[in-house]
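**Q** Here is my input, please return the structure:
(2 chains)
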Amino acid sequence: MDHFKEHKEDILAAFKNSIVFAPMLVSITTSYVIVAKNIDIGPLEIVLWTALIFAGTVQIAVLNAYAGGAGLLELILLAFMTGLRLGFVSMSIFTYVQGIRKKLLPLFSFFIVDPAAGVIPARAKEGGNLPVFSFSFLIFIWLQWVFYGCLVVLLGAFIPEAWEPAFSFAMPAIFIGLTLSMIQDNFLYGIIVIAIAAPISLLLTFLFTPQLSSIIAAIFAALVGALIEERGGVAND
Amino acid sequence: MTNNLIIIFAASAAIVYLIRYLPLLVLHNVNIPRALNKFLHNLPVAILAALAFQFIFLKEGQLHHGLDNFYVIGLFACIFLALKTKNLAITVFGSISLLFFLNYFF
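**A** Residues are numbered from 1 along each chain as shown, chains lettered A, B, ... in the order given. So this is what the prediction gives:
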């Protein structure tokens, strides 16, 4: 109880930050539940696998491919490719979560999702206990994920299809909002990174899958941004 | 649910978990050079920008830059709200509301 009182502010901030992702989570769980129901997976299994995998893009991609007749090896490869960006999310937040004890890392890792890449660095600028905030935020996202999974399984048929495009815009809206807040302290270099990552991720889709394109574009943009910043820092010395 | 699906789900869960965990395990408490630190600080910005733009401009894997792509209007609304209000909730719900309006009337 003392722990909670001590970290109440961080936990409340984590909760407030997680609620913003509700439309995005509803949109992704709806897509997953539709695909799962189409291949006759029962409601309990849908919710169970939602809770245990906690990676909407992977779940949707794997189930779609399974429905299309893909073999086990192809599905494993697909899970790896679509989930790979989560590894980059882990890498991008690791400097902020160094305060988490090593024995808690296995548990913490399970909850890592895309929003962490933006919310945790943004919170780092505001202060507070970052490990507590990070852990709380990710757990609240997971709890919502499971809750909406249950809700969509029960009530999904009543969600008008016309709402889906607007709901699903929540994801890029959140990402844009977070990106702009993250670059405020270093606006010029941040804009350079965005200006490189965004068009390259689109152009590369002519050669690669969208997931791989986004990874390559992000690595290249982050590298170029770091190099330019490093040279800018050297020039100013 | 068939045995096949159980194996597929279990394998997917294991792969996704390892993808999340291994970078943290390898990099935990490692002193990293300044340049690499800058790269890792740029990575979230780059990933989020790439994912957001792909979502807005790709439809079923193809570029969708026509006038009927309301997400482009949503993008400008987002940028405006984010820079003006610096509030994530207003940015998200404001742009979603705009898209509800556009989808309903056009």
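
**Q** Please determine whether whatever helix or strand B:F93 lives in lies in contact with chain A.
**A** Using DSSP states H and E, the element containing B:F93 is helix B:88-105. Yes. Applying Cβ under 8 Å from any Cβ of the partner chain, one finds helix B:88-105 in contact with chain A at B:L88, B:A89, B:T91, B:V92, B:F93, B:S95, B:I96, B:L99, B:F100, B:N103, B:Y104. (Glycine included, C-beta is placed from N, CA and C.)

**Q** May I see the PyMOL selection of the buried members of these?
**A** With 16 or more other Cβ atoms under 10 Å in any protein chain shown as the burial test, the buried ones among those are selected in PyMOL as follows:
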select buried, chain B and resi 88+91+92+93+95+96+99+100
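
**Q** got the residue ranges for the helices in chain B?
**A** According to DSSP state H, chain B carries its helices in the segments B:3-27, B:34-57, B:70-85, B:88-105.

**Q** Serialize the ones you listed to a markdown table and add fields for mean pLDDT.
**A** A markdown table is the format used below for these (pLDDT from 0 to 100):
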| stretch | mean pLDDT |
| --- | --- |
| helix B:3-27 | 89 |
| helix B:34-57 | 85 |
| helix B:70-85 | 90 |
| helix B:88-105 | 84 |
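
**Q** Deepest-packed of the ones you listed, please.
**A** helix B:34-57 (a mean of 24; mean count of other Cβ atoms under 10 Å in any protein chain shown).

**Q** Residues contacting the helix holding B:F93, please?
**A** With Cβ atoms under 8 Å, 6 or more residues apart in numbering or on different chains as the test, helix B:88-105 has contacts from A:17, A:19-20, A:23, A:162-163, A:165-167, A:169-170, A:173-174, A:176-178, A:181, B:70-71, B:73-74, B:77-78, B:81-82, B:85.

**Q** Next secondary structure element downstream of the worst-scoring helix or strand of chain A on mean pLDDT?
**A** Ranking every helix and strand in chain A by mean pLDDT, DSSP states H and E puts helix A:2-6 at the bottom, with a mean of 67. Sequence-wise, the next helix or strand downstream of helix A:2-6 (DSSP H and E) is helix A:8-19.

**Q** downstream neighbour of that next one in the secondary structure list?
**A** Moving toward the C-terminus from helix A:8-19, the next helix or strand (DSSP H and E) is helix A:22-38.

**Q** Of all the residues in that next one, which ones are buried?
**A** By neighbour count with 16+ other Cβ under 10 Å, helix A:22-38 contains the buried residues A:22-33, A:35-37.

**Q** For that helix, which helices and strands make contact with it?
**A** helix A:43-53, helix A:56-67, helix A:130-155, helix A:164-168, helix A:170-182, helix B:88-105 (3 or more Cβ pairs under 8 Å, 6 or more residues apart in numbering or on different chains; DSSP states H and E).
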